[in-house]
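> Give me the fold of what follows.
(one chain, ligands or ions: 1)
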Amino acid sequence: MVTVASSAALSCPEISLSNGFNIPILGLGTSHQGGYSHEAVVYALQQCGIRHIDTAKRYGCEEALGKAVVESGVPREQIWLTTKLWPADYGYQSAKQACRESCARLGVDYLDLYLMHWPDSMVSGRSNREVREETWRALEELYDEGLCRAIGVSNFLICHLNELKDVGGVVPHVNQVEFHPFQQPMKLVEYCRKEGIVFEGYCPLAKGQALTHPTILQLAQKYGRSASQICIRWSIQNGVVTIPKSTKPDRIHENCQVFGYNLDDSDMAAMRLLHDGRRVSWEPTHVE
Ligand SMILES: NC(=O)c1ccc[n+]([C@@H]2O[C@H](COP(=O)([O-])OP(=O)(O)OC[C@H]3O[C@@H](n4cnc5c(N)ncnc54)[C@H](OP(=O)(O)O)[C@@H]3O)[C@@H](O)[C@H]2O)c1
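Next up, the predicted model:
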């Protein structure tokens, strides 16, 4: 039984994808390694007004998440559901099958967004480029069939995106990449915007590392907000779709209180200076 005070419905801005669908700028992350709490997801949907959830086959919680959505009583069509295709399933037939299996586990008949999780294909004997292209063709067909309302990639760098561009076809609707005060890949952000690809940032708290940085603590004091809210607000104010993860209802509630105020330009600029190139998740730089 959750005892945290409920909040009014979340007034969350949305970002338009190139195909006209709108993704809520704030979502709830899930993950493996203790990153899923059933109670917390139900709470986020029922009490915080969260309408965007990010998951992946890799996280092993699709089935539980599907049940949480039903339990919340929030109609499916009001929720933006993203899941991801794991590289072991790359390839034309296997990608299609994996998508259908994800839908079945989630208990849904369509996904709002389906992402290729990682640029390395992990298929021996074939080039990454070849496997990525073939996999992308499968995603394009899933999109054409309406099983996925939008399709995209994750952890792709400019070189990987350029290759897909050479093939033609659907330009990824989204690229989901690590983005937080210590990791600000602004060239990639600019590239995505120029190409009509929505930039989505993961690990907005740098897995908690950003919450003790002196500059962020100073800003938290200045605005009367928590360090977590400063990081999430900063990410959103950069126009980045932002998906903090917490398994704790009170923290999810806190992480949603990021609208209706702005960080000053000078503070946005101060946070821009915190970039040190640190990654807290994947390192895609050397993936061919
Ligand atoms: N595409 C990809 O390859 C990829 C990679 C990594 C992550 N992601 C996505 O991005 C989401 C977020 O990433 P992440 O979970 O790695 O990192 P994160 O959101 O930056 O940080 C999560 C950590 O911060 C803690 N936390 C959350 N809110 C807090 C608060 N208000 N105060 C103090 N601590 C707080 C959480 O602990 P508690 O849970 O204990 O609250 C957890 O340890 C994931 O869930 C996943 O959906 C995608």
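
> can we go C-alpha only for contacts and neighbour counts from here?
OK.

> Can you name the residues in contact with stretch 63-74?
The contact list for stretch 63-74 (C-alpha atoms under 8 Å, 6 or more residues apart in numbering) reads 38-39, 41-43, 45-46, 76, 105-108.

> Compile these into TSV and extend it with columns for neighbour count.
Listed next are those as TSV, based on neighbours: other C-alpha atoms under 10 Å:
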residue	neighbour count
38	17
39	16
41	28
42	23
43	25
45	23
46	19
76	17
105	18
106	24
107	18
108	15
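
> CA atoms only for the lengthiest helix in the chain, dumped as CSV, please.
When the chain is parsed with DSSP state H, its longest helix is helix 128-145. Presented in CSV, the C-alpha positions along helix 128-145 are these (Å, rounded to 0.1, in the frame of the first residue of the first chain):
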residue,chain,number,x,y,z
ASN,A,128,27.2,-4.6,-38.1
ARG,A,129,26.2,-2.4,-41.0
GLU,A,130,24.6,-5.2,-42.9
VAL,A,131,22.7,-6.5,-39.9
ARG,A,132,21.6,-3.1,-38.8
GLU,A,133,20.2,-2.3,-42.2
GLU,A,134,18.3,-5.6,-42.5
THR,A,135,17.0,-5.1,-39.0
TRP,A,136,15.9,-1.6,-39.8
ARG,A,137,14.0,-2.9,-42.8
ALA,A,138,12.1,-5.2,-40.5
LEU,A,139,11.3,-2.2,-38.2
GLU,A,140,10.1,-0.2,-41.2
GLU,A,141,7.7,-3.0,-42.1
LEU,A,142,6.4,-3.3,-38.5
TYR,A,143,5.8,0.5,-38.7
ASP,A,144,4.0,0.2,-42.0
GLU,A,145,1.8,-2.6,-40.5
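
> what about that helix, distance to the chain center?
How far helix 128-145 lies from its chain's middle: 20 Å, per C-alpha atoms, centre = their mean, to the nearest Å.

> now swap in stretch 94-113 and tell me
For stretch 94-113, the separation from the chain centroid amounts to 17 Å (computed by C-alpha atoms, centre = their mean).

> Also stretch 259-276?
Averaged C-alpha coordinates place stretch 259-276 at 21 Å from its chain's average position (C-alpha atoms, centre = their mean).

> Check stretch 106-123 too.
Relative to its parent chain, stretch 106-123 has a centroid offset of 12 Å by C-alpha atoms, centre = their mean.

> Same question for stretch 162-180.
Using C-alpha atoms, centre = their mean, the offset of stretch 162-180 from its chain centre is 14 Å.

> Kindly report the same for stretch 273-288.
16 Å.

> Likewise for stretch 180-190?
Taking C-alpha atoms, centre = their mean, one finds stretch 180-190 lying 15 Å from the centre of the chain it belongs to.

> now swap in stretch 234-247 and tell me
When C-alpha coordinates are averaged (C-alpha atoms, centre = their mean), stretch 234-247 and its chain have centres 9 Å apart.

> residues of it that come out buried?
The neighbour-count check on stretch 234-247 (16 or more other C-alpha atoms under 10 Å) flags 234-237, 239-247 as buried.
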